[in-house]
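Undergrad: Based on what follows, work out the 3D shape:
(chains A and B)
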Amino acid sequence: MMHPRRGLWLVLTALTVAGLTLSACGGGGQPAAQETAAPEQGKVATFIFTQEFDTLNPAYTNQFFSVITHQLWNCWAWDFDDKNTPRPVLVTEMPGLENGGLSQDGKVITMKLRPDLVWSDGEPLTSDDLVFTSEMHTSPKNAVASAYPYDQIETIDAPDSTTVVITFKQPFVSWAGTLWHGILPAHVLRPIFEQDGTLDNAAWNLEPTVGCGPYVFAQWESGSYARFVANDQYWGAKPKIGEIFIRFVPDDASQIAALKAGDGDLGTFIAYPDIPGLQEAGIKIVPAYSGYNEGWYFLLDPELAHPAMLDVRVRQALAMAFDRFSLNEDLLLGLTQPAATYWDNTPYTDPSIQPWPYDPEKAKQLLDEAGWKDTNGDGARDKDGVELVLTYGTVTREVRQDTQAVAQQQLAAVGIKVELSNYDSDIFFATYGEDGPVAKGRVDISEWSDTSYGWPDPDIMYWRCSEIPSDESPAGSNWQYLCDEELDALFTEQATQLDPAARQATFQRISKLMFEKVYWLGLWQDPDQWAIGARLSGVKISGVTPFYSVLEWDLAP
Amino acid sequence: MTRYLARRVLEAIPLLFIISIVLFILMSNMGDPLATMGGRTLTRAADRLRLTRQLGLDKSVPEQYLYWLVGNDWTRVDLDGDGVPETAGTRKGVLRGDLGTSLVNRGRPVWQVIWARLPNTLLLMLTAEIVIIVGSLLIGVYSALHQYSFLDNLITAISFVGYSMPIFFIALLSMYIFSIQFKAWGLPSLPTVGMFDPQVGQTPGQVALHMVLPVFSLSFISFAAYSRYIRSTMLEVLSQDYIRTARAKGLPRRDVVFVHALKNASLPIVTVIGLDLPLLLAGAVVTERIFAWPGMGRLFLDHVSRGDAPVVMGILMLISVAVVFFQIVTDLVYAWLDPRIRYDTGRAQGG
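TA: Okay, here's the model as predicted:
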């Protein structure tokens, strides 16, 4: 009979060997097309992503880190340069009124594709692929991330292999910023859709081995890395960098360490306090304006809001009592500046608008005029028995908590008491139906950074009266409960204006109205901060399609 | 013993059912998986309505649990929102080996999502566990044999310094010193993150090199606890009569310590290891995140933050099964090690 202790050692040894064997045999997220040997030749650039893709099928995700890879292995009909100006990629020229690409009523877009487009397997990329892409976005059998804007299309036709004619149900002015964010290969996915009845489980979603970009997907190891290698069949110029290796590093501090140690050539979403250290290490910081501006959103519902918030003089006082200039200097190291309007750094903001100045004395005067005075000597103003105590909520990000602390102090100096609250992101951004604190109108001042839905298109649904959430409309996005008829009319008007100059003028009126009534208060402009390692050269970053210029990038040994 | 084993296994079945129900209820309240599907902007209302229906999130929690457990291929669902459930379900349910598909990695089976990370976790955690056990044994035995010596006091102090530090601090500090500063000083440096250098390729040597810092971080904290425990049990055993007898008989010191003393002192250590083994599957969330090690800990955190209930349930049930399994194994090993322990109809009898 085996000695008990020998048996114990045997059990432990067996478990250890089994574990190590398992780990040696496994370690594969996706079935790798090949072992990960060192590249035989060519340059390998390492990008650091702080979040792993959820999927690579453009129809199934809006995740930033998945979408930005499209300029590597997939393609958009047009992308955007570092000035966020559209530039043709698949089309010969941008559709416009002058070239007949846009109809006078704004409902029909005619696109002419380049005749030399091919997929990475050599199959031609034609108008049929675009039609297929649209159909897959709107098929009820596909659980795509968003059917927009394809659900706005009435008909889409391909009269020949290089022409696509799209007819919208209504004039659709936001087409440039929302259409054709990734193309699906019809010759690969149509048979799958016809066989399975859905694309939800297609292997291509996680291993898109056929693409239309300068690179082609090679491998994706779950939680670890993804590789994209130069596409030999690419119809455009060949990239100078042979392989893009994307490493998933979720921790911000680890990303910084990896960049400093040279274990990564590119990173993004760099926090402002880390910028000086990276620059000292020889890493270049490139800001890319992606339309994001950090700001305060005020609750303005007559029933739910604090009565003080309904008075524009109080909101103006808030703007002047909070020193956002010093905040930008101290907290953000002077690397950005206060945002004046929601559309800062775009042509859609009135150029005459400057941020509200820091003037606490003027703030006190406005509050006095509005009837809010400290009658009981408790340090907080009051009126008709109501104390001026506001709730100020945001997520748990450190920079926002620091901002809260500063604001609380400065607003207290003018007699406005502020109670702070912080939430996890999924709770803070939960909808009315999910009992989100902001959506349900429980927070007087909410802070977050945001941009328009189809940026660089400026349209945003937030401030439409029809978007106010309710039991009947729990998904409404107007969490400020703002209903300004003049503002609503302007938003409606711009949605029909095909003439860019006219639309720009309307948005400038919108930005001015929102500024004067302080419906939204900008804290800082929030560009994406990209860190570019010393080995990379020729890098330009777009706020919409960051890797648009990847063909020009080079890597020193 | 067979009867005992059968009883423990039968008891485990309702226990796992109860665990699954509790976890499922908790999971259904942990967050909104649709909140992040809009990317950097809010998910549009129309998309939210559609996805809620298509992903089965419009069903009540008991209904969702039922489908999770037994599948929905025996019923029909309304995918197109016309109010008519005309599409056959495709899920087989956990009881038939189908853990479902991930809501984040849409369409990917949960078991594939987990299997992709499990070997990485076992590699890291088993290596760390071996280092901890071996290191703690050496430290604990030395400390017991040289109680209150200068080296014993020094080792104890260092161990407690490590024990009192949060792991993220040790991890980041070691990364800063051995990767960044060593490189800056022109010394051979260790890599910061990941499993290998893409310039070199995924070789065993590269993986081993990239494991140094994460294993060090995990081990440094645990040395104190384990080594003190071993020191304590060794001291107790070394004071026993049979050890005095062994010495009196003139046995070599090595035999006295490692054959007679350590083996008797190892019984409590088995308990600790037995409790640790199932938790190895859970990975080390902080360490994996900092060193970008693609393990189960990070998988859990990433999918919890995105409300991916199928994957999180899969991970939690895997760990629950492992805990129950290793509890049984530990009891059996105990009986194996100590002949005085016998299991009858209901109670362990010993001594």
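
Undergrad: Mind checking what helix or strand follows the helix or strand hosting residue A:295 in sequence?
TA: Using DSSP states H and E, residue A:295 sits in strand A:293-298. Using DSSP H and E, the helix or strand that follows strand A:293-298 towards the C-terminus is helix A:312-321.

Undergrad: Next up, identify which helix or strand the nearest residue to residue A:108 once chain neighbours are set aside is on.
TA: Closest residue in space to residue A:108, ignoring its immediate chain neighbours: residue A:167 at 5.1 Å, by CB to CB, 6 or more residues apart in numbering or on different chains. No exception for glycine: its C-beta is placed from N, CA and C like everyone else's. Using DSSP H and E, residue A:167 falls within strand A:163-168.

Undergrad: Send me that strand as PDB with only the CA atoms.
TA: Extracted in PDB, the C-alpha atoms of strand A:163-168 (Å, rounded to 0.1, in the frame of the first residue of the first chain):
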ATOM      1  CA  THR A 163     -21.600  53.200 -58.100                       C
ATOM      2  CA  VAL A 164     -23.700  53.300 -55.000                       C
ATOM      3  CA  VAL A 165     -26.900  55.200 -54.800                       C
ATOM      4  CA  ILE A 166     -28.400  55.800 -51.300                       C
ATOM      5  CA  THR A 167     -31.800  57.300 -50.800                       C
ATOM      6  CA  PHE A 168     -32.600  58.400 -47.300                       C
END
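
Undergrad: got the buried residues for that strand?
TA: By neighbour count on 16 or more other CB atoms under 10 Å in any protein chain shown, the buried set for strand A:163-168 is A:164, A:165, A:166, A:168.

Undergrad: Next: stretch A:413-428.
TA: A:414, A:415, A:416, A:417, A:418, A:423, A:426, A:427, A:428.

Undergrad: re earlier: among the buried residues of strand A:163-168, which one lies nearest to residue B:209?
TA: residue A:164 (51.5 Å; CB to CB).

Undergrad: what about the strands in the stretch 301-450 of chain A?
TA: Here the stretch 301-450 of chain A has its strands, by DSSP state E, counting those that start in this stretch, at A:382-383, A:386-387, A:389-395, A:417-423, A:445-450.

Undergrad: Counting by contacts, list what the strand or helix carrying residue A:135 packs against.
TA: Counting by DSSP H and E, the element that carries residue A:135 is helix A:127-138. With contacts defined as 3 or more CB pairs under 8 Å, 6 or more residues apart in numbering or on different chains; DSSP states H and E, helix A:127-138 has these neighbours: strand A:153-160, strand A:163-168, helix A:186-196.

Undergrad: Only the C-alpha atoms, please, for the first one, written as PDB.
TA: Just to be clear, that refers to strand A:153-160. What follows is strand A:153-160 as a C-alpha-only set of coordinates in PDB (Å, rounded to 0.1, in the frame of the first residue of the first chain):
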ATOM      1  CA  ILE A 153     -31.900  54.600 -45.600                       C
ATOM      2  CA  GLU A 154     -35.000  54.000 -47.700                       C
ATOM      3  CA  THR A 155     -33.200  52.300 -50.600                       C
ATOM      4  CA  ILE A 156     -29.700  51.500 -51.500                       C
ATOM      5  CA  ASP A 157     -28.700  50.400 -55.000                       C
ATOM      6  CA  ALA A 158     -25.600  49.400 -57.000                       C
ATOM      7  CA  PRO A 159     -26.400  50.200 -60.600                       C
ATOM      8  CA  ASP A 160     -22.800  49.100 -61.500                       C
END
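
Undergrad: before we move on, the earlier item: among the strands of the stretch 301-450 of chain A, which is the most enclosed?
TA: strand A:445-450 (a mean of 21; mean count of other CB atoms under 10 Å in any protein chain shown).

Undergrad: Show me how far that one is from its chain's centre.
TA: 15 Å (CA atoms, centre = their mean, to the nearest Å).

Undergrad: now the helix holding residue A:135: mean pLDDT?
TA: For helix A:127-138, mean pLDDT is 97.

Undergrad: again, but for stretch A:110-124
TA: pLDDT averaged over stretch A:110-124 gives 97.

Undergrad: Start and end of stretch B:68-83, how far apart?
TA: Terminal residues of stretch B:68-83 lie 22 Å apart, using CA to CA, to the nearest Å.

Undergrad: mind putting the helices and strands packed on helix A:127-138 in CSV, distance to residue B:234 and mean pLDDT included?
TA: Formatted as CSV, the helices and strands packed on helix A:127-138 follow (distance: least, CB to CB, whole Å; pLDDT from 0 to 100):
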stretch, distance to residue B:234, mean pLDDT
strand A:153-160, 76, 97
strand A:163-168, 79, 98
helix A:186-196, 63, 97
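
Undergrad: Need the winner for burial among those.
TA: strand A:163-168 (a mean of 20).

Undergrad: before we move on, the earlier item: using CSV, please lay out the strands of the stretch 301-450 of chain A together with distance to chain B.
TA: Output for the strands of the stretch 301-450 of chain A, formatted as CSV (distance: least, CB to the nearest CB, whole Å):
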stretch, distance to chain B
strand A:382-383, 34
strand A:386-387, 32
strand A:389-395, 12
strand A:417-423, 11
strand A:445-450, 7
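
Undergrad: Put together a markdown table for those strands, with mean pLDDT on each row.
TA: Converted to a markdown table, the strands of the stretch 301-450 of chain A look like this (pLDDT from 0 to 100):
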| stretch | mean pLDDT |
| --- | --- |
| strand A:382-383 | 96 |
| strand A:386-387 | 96 |
| strand A:389-395 | 97 |
| strand A:417-423 | 97 |
| strand A:445-450 | 95 |
